[in-house]
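Student: model the structure of this input:
(chains A and B)
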2 protein chains.
Amino acid sequence: MELKLLKQKDVTAHLQSQLSHLYLQLNSDLKQLSLATILEVPENLDVVTCFEDDVLIGIAMMANYKVVSGHKGMIEDVVVSQDHRGKGMGRALMELLLECAMERKLNDVLLFSGHHRTAAIALYKSLGFTLKNSGLYVKKME
Amino acid sequence: MELKLLKQKDVTAHLQSQLSHLYLQLNSDLKQLSLATILEVPENLDVVTCFEDDVLIGIAMMANYKVVSGHKGMIEDVVVSQDHRGKGMGRALMELLLECAMERKLNDVLLFSGHHRTAAIALYKSLGFTLKNSGLYVKKME
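Tutor: Prediction:
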């Protein structure tokens, strides 16, 4: 298992194809943005990946932004291949993102998780995340 | 009442002082980032303000970021001065942010709101936001 912070120069058509396939496990309806697009401004995003025998088996990312209430990280699009769950890969990816958060001197790291995702929630809590008494509201713009 | 999309060149010490004061109403413990800091990269943030007789009475902002699941806007730090609530200012600020979202061609706009904030939630729903079945988890990094 190889953990890696992804850089623009690492993006290949082969990796993009593996990533597109992996995200189908998360949401098959999702219209995905490409790695090249999201890594255009490296200061705004950390992408962490996990490979086994050169196959992408896990990925997670953290966008960061500045508003009056702080410099915040938003963790999004965490996915581990179905065949490789329960091996601590989600934790390893999250820990690497939290290292990035420390390096960027973020004030807060945020994420949202479906209430039914008990295994993921247990992981987040064990890493020091706490549930806020807030609802997430979304408006689709398309 | 004057609505305005704030630009870097509009930031003055006087405005910063008014803004710091206004945010004390939202959270008196908050260590605030300055307008100059958050507007450093204008592509990443829209800040909308509302003035009455040159006094800042409302503000809201939307950071935008790109991840695999889309180009998203995150609305944060919405505050209307206590003396000026119930006049539609929150709606006007939100509508202006949604225009920014259209211009930026965002896929989704997100926001979090405390479950007890019934007036704000009614406003968000009337603007087309829907509550997701997800919890918000936060880790303080300091």
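Student: for the rest of this, base every contact and every neighbour count on C-alpha atoms.
Tutor: Will do.
Student: need the outlier residue of chain A, farthest from its centre.
Tutor: The C-alpha centroid of chain A is most remote from A:Val68, which lies 24.0 Å away (C-alpha atoms, centre = their mean).
Student: quick one, what contacts that residue?
Tutor: Residues in contact with A:Val68, defined by C-alpha atoms under 8 Å, 6 or more residues apart in numbering or on different chains, are B:32-35, B:38, B:77.
Student: now do A:Gly58
Tutor: Going by C-alpha under 8 Å, 6+ apart, A:Gly58 touches A:22, A:49-51, A:78-81, A:89-90, A:93.
Student: that one: helix or strand, and which one exactly?
Tutor: Using DSSP states H and E, A:Gly58 sits in strand A:55-67.
Student: any idea how far the helix or strand just after that strand is from the chain center?
Tutor: Sequence order places strand A:70-80 as the next helix or strand after strand A:55-67, per DSSP H and E. Computed by C-alpha atoms, centre = their mean, to the nearest Å, the separation of strand A:70-80 from the middle of its chain amounts to 5 Å.
Student: tell me the helices and strands packed up against strand A:70-80.
Tutor: helix A:13-24, strand A:55-67, helix A:89-103, strand A:108-114 (3 or more C-alpha pairs under 8 Å, 6 or more residues apart in numbering or on different chains; DSSP states H and E).
Student: could the ones you listed go into TSV alongside mean pLDDT?
Tutor: Formatted as TSV, the helices and strands packed on strand A:70-80 follow (pLDDT from 0 to 100):
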stretch	mean pLDDT
helix A:13-24	93
strand A:55-67	96
helix A:89-103	97
strand A:108-114	97
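Student: which of those sits most buried?
Tutor: strand A:55-67 (a mean of 24; mean count of other C-alpha atoms under 10 Å in any protein chain shown).
Student: what's the angle from it to strand B:55-67?
Tutor: Put simply, strand A:55-67 runs at 170 degrees to strand B:55-67, going by axes from the mean of the first three to the mean of the last three C-alpha atoms, to 10 degrees.
Student: just to revisit the earlier point, which of the contacts of A:Gly58 sits closest to B:Leu26?
Tutor: A:Val78 (31.6 Å; C-alpha to C-alpha).
Student: show me the contacts for the closest one.
Tutor: A:58-61, A:90.
Student: show me what contacts the most centrally placed residue in chain A?
Tutor: Residue closest to the average C-alpha location in chain A (C-alpha atoms, centre = their mean): A:Ala60, at 2.3 Å. Going by C-alpha under 8 Å, 6+ apart, A:Ala60 touches A:47-49, A:75-79, A:93-94, A:97.
Student: now distance to A:Asn27 too, for those residues, in CSV please.
Tutor: Output for those, formatted as CSV (distance: C-alpha to C-alpha, whole Å):
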residue, distance to A:Asn27
A:Val47, 18
A:Val48, 19
A:Thr49, 18
A:Ile75, 16
A:Glu76, 13
A:Asp77, 10
A:Val78, 11
A:Val79, 10
A:Leu93, 19
A:Met94, 20
A:Leu97, 22
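Student: run through the bridge partners of the closest residue to A:Val138 other than its chain neighbours.
Tutor: In this structure, A:Val138 finds its nearest non-sequential neighbour in B:Leu110, 4.6 Å apart by C-alpha to C-alpha, 6 or more residues apart in numbering or on different chains. As for beta bridges, B:Leu110 partners with A:Val138, B:Met74 under DSSP bridges.
Student: for A:Met62, same thing?
Tutor: In beta-bridge terms (that is, DSSP bridges), A:Met62 pairs with A:Asp46, A:Ile75.
Student: what do you get for A:Lys4?
Tutor: Judged by DSSP bridges, the bridge partners of A:Lys4 are A:Thr49.
Student: pretty sure it contacts A:Val48?
Tutor: Yes. Under the criterion of C-alpha atoms under 8 Å, A:Lys4 makes contact with A:Val48 at 5.7 Å.
Student: okay, those two: which has more neighbours?
Tutor: Neighbours were tallied for A:Lys4 and for A:Val48 using other C-alpha atoms under 10 Å in any protein chain shown; the higher tally belongs to A:Val48 (23 against 14).
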